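give me a 3D structure for the following:
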Amino acid sequence: MDTETPDLPTPFKPSQESLPKLRKPTKDDGFPVHQLIAACPPLDPNSIYCNLLQCHHFADTSVAAELNGQLAGFVSGYLIPQEPDTLFIWQVAVHTEARGLGLGKRMIRHILARETCAQVKRLKTTITPDNQASWAMFRSLARDLGAEIQQQLEYEQDTHFGGQHDSEIVLTIAPIQPTTTSNQR
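Below is the predicted model:
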């Protein structure tokens, strides 16, 4: 059962000298991830159980960013079963106090550098048309990777969401070149 989300812990003050440490999430991160996502609109809040499963079952294709012992960011992703060479990024959450450090892109690149993603040739995500921060981050990521972007309507507001959610555009970034884990924190 989902309960009301309490406030995040006291804000931390990141700096360029103290970038968040990137690591695989564990099941212990489920509730803190739930709190972080709730504090990052317009991200869709999921149940605590969903966030627990993201951290536990999809740890190899997700990342937690920690700063001063607190969760500063989280990216959930998975390899699409029908497209095992495609990494789908579900959500990118960055605490307000950790924004402006390029943490979203850094977390995604960290996942791509893992052995689990050695066969990844494409990255996909869905974004609502008005989420300018996500559009900007993924366009910048594509430029950094030297990849092309394709986009098309994937989930329509009335057809797929019963009018309860904005339409989602699928963004495909390809080709993704294999990377190494060197210089990954």
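
ok, and what's touching the helix or strand bottoming out on mean pLDDT in the chain?
Of all helical and strand segments in the chain, the minimum by mean pLDDT, DSSP states H and E falls on helix 157-161, at a mean of 86. For helix 157-161, contacts defined as Cβ atoms under 8 Å, 6 or more residues apart in numbering pick out 155, 163, 165-167. Just so you know, the C-beta spots here come from the backbone N, C-alpha and C atoms, and that holds for glycine as well.

of these, buried ones?
166-167 (16 or more other Cβ atoms under 10 Å).

just to revisit the earlier point, chain center to the least confident helix or strand of the chain: distance?
Here helix 157-161 is found 23 Å from its chain centre; the criterion is Cα atoms, centre = their mean, to the nearest Å.

what's the closest of the contacts of helix 157-161 to residue 29?
residue 165 (25.8 Å; Cβ to Cβ).

does the closest one belong to a helix, a strand or coil?
Under the three-state scheme (DSSP: H, G, I helix; E, B strand; the rest coil), residue 165 adopts coil.

for burial, what's the neighbour tally of the closest residue in space to it that isn't next to it in sequence?
Once flanking residues are discounted, residue 165 sits nearest to residue 157: 6.6 Å by Cβ to Cβ, 6 or more residues apart in numbering. Other residues near residue 157 come to 16 when the count uses other Cβ atoms under 10 Å.

now do the strands in this structure.
21-23, 63-67, 70-80, 83-94, 122-127, 148-155, 168-174 (DSSP state E).

helices and strands around the lengthiest helix in the chain, which ones?
Scanning the chain for the helix with the most residues, using DSSP state H, yields helix 132-145. Helices and strands touching helix 132-145, as assessed by 3 or more Cβ pairs under 8 Å, 6 or more residues apart in numbering; DSSP states H and E, comprise helix 103-112, strand 122-127, strand 148-155, strand 168-174.

which residues sit against that helix?
So helix 132-145 is in contact with 92, 104-105, 108-109, 123, 125, 127, 148-149, 171, 173, 176-177, going by Cβ under 8 Å, 6+ apart.

highest average neighbour count across the helices and strands packed on helix 132-145?
Most buried of the helices and strands packed on helix 132-145, by mean neighbour count (mean count of other Cβ atoms under 10 Å): helix 103-112, with a mean of 22.

and that helix, what does it pack against?
Packing partners of helix 103-112 (3+ Cβ pairs under 8 Å, 6+ apart): strand 21-23, strand 63-67, strand 70-80, strand 83-94, helix 132-145.
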